[in-house]
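**Q** coords please:
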Amino acid sequence: MKLKSENDGLTPASLAHKLDLDTYIGQFEQFLARPKPIIIEGDIHQHHRYIKALSTVEFPPLKALQSLDSQLARLRKQAILSLDELYAFTVIISYFNRLKSIFLPEPLSSWIHGMEIHDEIRDVLGDFTDEGEINPEKEPELREIDHALGGNRRAIKDALYSLTHSSKLSDYLVDTQVHFHSGEDTLLVRGGFSQAIKASIVGRSSAAFFYIVPEQISKLKEQQQILLQRKEDVIWRYCKIFSEIFHRWEPFLGYINKEYDRFDHYQARVNFAKTYDYVFILPTKEKGIVLDGFVHPAIDNPVPISITLDKSIMLITGVNAGGKTMLLKSMLSAVYMSKYLLPFSCNSSKTRIGSYKNIEAIIDDPQSVKNDISTFAGRMLEFSKLFRQKDTIVGVDEIELGTDADEAAALFKVMLEELKKRGNTFIVTTHHKRLASLMADDDEVELIAALYDEQKRLPTYTFLQGSIGKSYAFETAERYGISPLVIERAKEFFGEDKERLGELIEKSTTLEREMRLKIVELDTDREKLEKKQKHLGSLAENMQEEQQKVLATLENRYNAATKLAQQALKSKESTDGRRLLNEAYKHKQKAQKKSSEKPVKFIIGDRVKYRSHRGEIVSIKAKEATIVIDGMKMRVPLQGLTKSLDAVVEPKPKQVKITTTVEKSTASISIKLLGMYGDEAIERLDKFLSDAFVNGLDSVEVIHGTGGGILARLVTEYLELHPKIQRFYRVPGNLGATIVEL
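**A** Predicted structure coming up:
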């Protein structure tokens with residue numbers, strides 16, 4: 001049964017044929033364990049997650065099996081299946097059992113281990129050998145029959161050997177070979193053999209010799225038939241038992257049979273992609289196609305295609321035999337393979353393919369003598385069907401085929417404009433410039449020119465976006481052997497004006513191609529300059545940080561030195577010492593004044609750095625600014641801020657209404673700072689500790705939470721500088737609270 005696609009009457013197989021994908025599909029089907037449609041029902045994004053996981057592990061190969069749909073239908077009717085049919089089910093169950101014994105990444109692991117196999121079915125597996133026969137170790141009668149059959153075969157072989165080497169029969173034997181004739185092992189003898197042996201004749205040779213079965217061989221074969229019949233009876237008994245068991249578990253068998261097909265789809269795609277070095281491109285929600293390095297699987301030694309379709313209509317013009325039709329087929333093929341989760345060759349990092357409900361290819365000549373329909377009438381019939389479709393990508397080759405080009409251009413212009421309003425996308429090829437010129441001013445139309453190498457006088461099989469291409473009909477005809485004299489006469493009839501128009505089109509195409517190359521070069525240079533600018537900005541910022549660190553270090557050293565000097569002067573007064581300290585202090589004031597001669601002006605919205613953090617100013621008041629760092633607001637002095645050279649604007653955090661609860665009493669032992677701004681939290685903490693000291697508490701608990709860690713860090717910095725704190729530490733197992741000993 002052929003599965004129809006969502007196209008109007010087109011099956012995936014017929015569409016693949018139109019797109020020259022028959023060989024490709026045939027190669028893929030060789031990786032399937034049993035024949036089936038190439039479509040995987042369901043969410044292909046979910047299927048791709050399973051395929052991606054499966055591609056990372058080694059898994060056992062699947063056995064080739066027949067479809068079991070009819071067997072399942074017969075089981076529902078309590079039919080008795082043959083041994084081969086029953087064994088096929090055990091192969092599927094045994095395979096999934098084997099998968100459970102190997103490591104599988106998610107989501108494969110949950111899927112496979114979620115298949116619960118009942119013990120009654122599991123017991124059946126042990127009754128089969130690897131060859132699909134009933135296990136003789138489980139059935140003594142069958143083992144006895146097999147032993148007897150083996151002895152009988154040896155007896156037949158020995159008897160035939162004895163007769164062919166018998167001196168009594170040697171005069172009548174034509175040769176000493178055993179001949180298989182009419183389903184029997186026979187000897188070939190001359191006339192008169194009855195005087196030497198009792199036998200039955202089963203046939204005559206062309207030389208008038210006789211094929212005979214000796215009487216003793218006939219008796220051995222009769223005995224063999226009896227044994228075989230006994231074996232068939234035993235097998236029938238087992239088939240009946242197994243069929244009754246499988247009938248009870250028919251829903252499970254139907255489920256696992258479908259899962260086997262599903263896994264078959266996955267493993268075939270994994271092995272197919274690895275064998276041909278293909279990649280998977282999943283369709284995106286947005287429309288449009290971006291191909292980079294795409295290679296149609298039907299082309300040998302191809303020129304990779306890189307092209308973008310981000311508009312409703314792509315109109316391809318240009319040189320004959322320059323790849324226009326193959327470009328159309330390539331783009332539709334990419335959509336087809338992406339839609340049905342089939343891998344192909346491309347640059348996966350830059351390729352993007354949109355999602356389309358339907359794919360339609362209007363490529364073949366629809367003329368039919370049988371149905372009394374012309375080429376143009378057939379085209380109109382195909383286009384009439386498109387008015388019933390939406391969200392369809394349509395490829396139309398030689399759109400004006402079969403009628404006057406000028407009339408067709410006007411007609412197709414209007415039809416394409418109407419059809420694109422229904423969400424349809426078109427890829428159209430044409431040799432005529434009329435349609436291209438009529439639609440060139442439409443912003444939803446992308447013009448594509450197939451390019452021609454004037455020096456080599458050959459098509460390049462490359463394309464230029466934004467241009468109308470020249471057809472090069474005369475050059476193509478000459479390349480394929482048409483006389484230059486004929487071509488010159490044709491050019492005369494064609495007219496100098498039209499030829500000059502073609503040359504202008506080609507020149508404009510060449511100029512535009514050069515312009516685009518220059519644009520690419522300029523974009524590359526611009527990116528390099530932006531990288532250098534960013535690098536220099538980073539260096540400047542680092543140097544500014546280093547300068548601030550050096551100044552802070554020098555100031556700390558100055559303060560420490562002056563403190564020591566003051567202590568020394570307290571013990572022993574010195575006029576010179578006082579004078580030197582005053583001079584040092586004057587130099588420090590001059591340095592601070594010089595460094596603040598050009599104060600940095602900050603405005604709301606500036607990106608700034610505070611210590612090692614980056615944030616954004618949301619308000620300024622006097623000498624303080626409120627900044628947002630990782631979603632937390634802090635009031636900090638303007639002197640502690642530096643402008644950040646990082647121009648990336650971080651998204652502003654959403655304002656969250658926070659309820660603050662502080663445990664208050666005459667001797668509160670804990671405080672919650674959760675959800676507070678940094679400066680508000682430190683202010684509350686300071687008041688809380690003051691109350692704790694007044695009430696004579698030995699230790700208190702500060703609950704600040706974990707979150708981004710900023711509030712916890714501010715609390716730690718405050719406690720480290722507090723003169724009356726004995727020690728503090730985090731609660732074991734709860735990093736969101738700190739114990740403070742007073």
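**Q** In the stretch 401-550 of the chain, where is pLDDT below threshold?
**A** Within the stretch 401-550 of the chain, the segments meeting pLDDT under 70 span 402-405, 452-461, 465-481, 487, 489-514, 516.
**Q** all helices of the stretch 351-500 of the chain, in order?
**A** Counting by DSSP state H, counting those that start in this stretch, the stretch 351-500 of the chain has helices at residues 375-386, 405-420, 433-439, 473-479, 484-494, 496-571.
**Q** Quick check: buried residues in stretch 606-613?
**A** Within stretch 606-613, the residues that count as buried by 16 or more other CB atoms under 10 Å are Asp606, Arg607, Val608, Lys609, Tyr610. Placement of C-beta: from N, CA and C, glycine included.
**Q** Restricted to helices, list those.
**A** Among the buried residues of stretch 606-613, none falls in helices (DSSP state H).
**Q** Of the residues you listed, which belong to strands?
**A** Arg607, Val608, Lys609, Tyr610 (DSSP state E).
**Q** so Ile112 makes contact with Ser101?
**A** No: applying CB atoms under 8 Å, one finds Ile112 not in contact with Ser101, separated by 10.1 Å.
**Q** out of those two, which sits in the busier spot?
**A** Ranked by neighbour count (other CB atoms under 10 Å), Ile112 and Ser101 place Ile112 first, with 17 against 8.
**Q** how close does the more buried one get to Phe31?
**A** Going from Ile112 to Phe31 by CB to CB, to the nearest Å gives 20 Å.
**Q** cool, and Glu286?
**A** 31 Å.
**Q** Map the structural domains onto the sequence of the protein.
**A** Annotated domains of the chain cover 137-236, 289-489, 600-656, 670-741 [automatic domain parsing].
**Q** Please compute how far the first one lies from its chain's middle.
**A** Put plainly, it is domain 137-236. Distance of domain 137-236 from its chain centroid, counting by CA atoms, centre = their mean, to the nearest Å, is 63 Å.
**Q** for that domain, what is the average pLDDT?
**A** Across domain 137-236, the average pLDDT comes to 89.
**Q** And for the third one?
**A** Summarised as a single mean, pLDDT over domain 600-656 is 75.
**Q** ok, the residue most central in space within the chain - contacts?
**A** The centre of the chain sits closest to Phe280, judged by CA atoms, centre = their mean, with a distance of 4.5 Å. The contact partners of Phe280, by CB atoms under 8 Å, 6 or more residues apart in numbering, come to His48, Ile51, Arg269, Ala273, Leu341, Pro343, Ser348.
**Q** isn't Cys239 right next to Ala79, touching?
**A** No: the criterion here is CB under 8 Å, and Cys239 misses it with Ala79 at 10.4 Å.
**Q** and the two? which has more neighbours close in?
**A** The neighbour count for Cys239 versus Ala79, taken as other CB under 10 Å, is higher for Cys239 (18 against 12).
**Q** So the more buried one lies in a strand, does it not?
**A** No: secondary structure of Cys239 (DSSP: H, G, I helix; E, B strand; the rest coil): helix, not part of a strand.
**Q** Can I get the domains of the chain in JSON lines including distance to Ala13?
**A** Converted to JSON lines, the domains of the chain look like this (distance: least, CB to CB, whole Å):
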{"stretch": "domain 137-236", "distance to Ala13": "40"}
{"stretch": "domain 289-489", "distance to Ala13": "11"}
{"stretch": "domain 600-656", "distance to Ala13": "49"}
{"stretch": "domain 670-741", "distance to Ala13": "57"}
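**Q** which one of those lies closest to Glu555?
**A** Glu555 lies closest to domain 600-656 among the domains of the chain, at 12.9 Å (CB to CB).
**Q** ok, what's across the strand from the closest residue to Ser644 other than its chain neighbours?
**A** Nearest non-adjacent residue to Ser644, counting by CB to CB, 6 or more residues apart in numbering: Arg607, 4.2 Å away. Beta-bridge partners recorded for Arg607 (DSSP bridges): Glu616.
**Q** Return the distance of Ala334 relative to Thr351.
**A** 8 Å.
**Q** more neighbours, the two?
**A** Remark: of Ala334 and Thr351, Ala334 carries more neighbours, 22 against 19, as counted by other CB under 10 Å.
**Q** The more buried one sits in which helix or strand?
**A** Using DSSP states H and E, Ala334 sits in helix 324-339.
**Q** tell me the average confidence for that helix?
**A** 92.
**Q** buried stuff in it?
**A** 324-339.
**Q** can I get the CA coordinates of that helix in CSV?
**A** Extracted in CSV, the C-alpha atoms of helix 324-339 (Å, rounded to 0.1, in the frame of the first residue of the first chain):
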residue,chain,number,x,y,z
LYS,A,324,18.4,26.3,-13.2
THR,A,325,16.3,23.2,-13.1
MET,A,326,18.8,21.4,-10.8
LEU,A,327,18.8,24.4,-8.5
LEU,A,328,15.0,24.2,-8.3
LYS,A,329,15.2,20.4,-7.6
SER,A,330,18.0,20.9,-5.1
MET,A,331,16.0,23.3,-3.0
LEU,A,332,12.8,21.2,-3.1
SER,A,333,14.9,18.1,-2.3
ALA,A,334,16.4,19.8,0.7
VAL,A,335,12.9,20.6,2.0
TYR,A,336,11.8,17.0,1.2
MET,A,337,14.7,15.3,3.0
SER,A,338,14.4,17.7,6.0
LYS,A,339,10.7,17.1,6.2
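**Q** one step back: ok, of the buried residues of helix 324-339, which one's closest to Leu641?
**A** For the buried residues of helix 324-339, the nearest to Leu641 is Ser338 (50.9 Å; CB to CB).
**Q** How about the contacts made by the closest one?
**A** Ile281, Leu282, Pro283, Ile353.
**Q** The last one contacts Glu286, correct?
**A** Right, Ile353. No: Ile353 is beyond contact range of Glu286, at 10.1 Å (criterion: CB under 8 Å).
**Q** can you pull out the strands in the stretch 551-700 of the chain?
**A** With DSSP state E, counting those that start in this stretch as the criterion, the stretch 551-700 of the chain has strands at 607-610, 613-621, 624-629, 632-637, 641-643, 670-672, 699-703.
**Q** Which strands border the last one, and is each parallel or antiparallel?
**A** Under the criterion DSSP bridges, strand 699-703 sits next to strand 670-672 (parallel), strand 734-741 (antiparallel) in its sheet.
**Q** Would you mind listing the buried residues in the first one?
**A** Pointing back at strand 670-672 there. Here strand 670-672 shows Ile671, Lys672 as buried, counting by 16+ other CB under 10 Å.
**Q** do the same with the last one
**A** By neighbour count, with 16+ other CB under 10 Å as the criterion, the buried positions of strand 734-741 are Ala737, Thr738, Val740.
**Q** ok now it, how far from the chain's centre?
**A** Going by CA atoms, centre = their mean, where strand 734-741 is centred and where its chain is centred differ by 48 Å.
**Q** C-alpha coordinates for it, PDB please?
**A** Extracted as PDB, the C-alpha positions of strand 734-741 are listed here (Å, rounded to 0.1, in the frame of the first residue of the first chain):
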ATOM      1  CA  ASN A 734      22.700  25.300  55.000                       C
ATOM      2  CA  LEU A 735      24.900  27.800  53.100                       C
ATOM      3  CA  GLY A 736      22.000  30.300  53.200                       C
ATOM      4  CA  ALA A 737      22.600  31.300  56.900                       C
ATOM      5  CA  THR A 738      25.600  32.600  58.900                       C
ATOM      6  CA  ILE A 739      26.100  32.200  62.700                       C
ATOM      7  CA  VAL A 740      27.700  35.300  64.300                       C
ATOM      8  CA  GLU A 741      29.400  35.100  67.700                       C
END
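**Q** quick one on the thing from earlier: going by neighbour count, which of the contacts of Ser338 comes out on top?
**A** Of the contacts of Ser338, with other CB under 10 Å as the count, Ile353 tops at 25 neighbours.
**Q** and Thr716, what does it touch?
**A** Going by CB under 8 Å, 6+ apart, Thr716 touches Phe728, Thr738.
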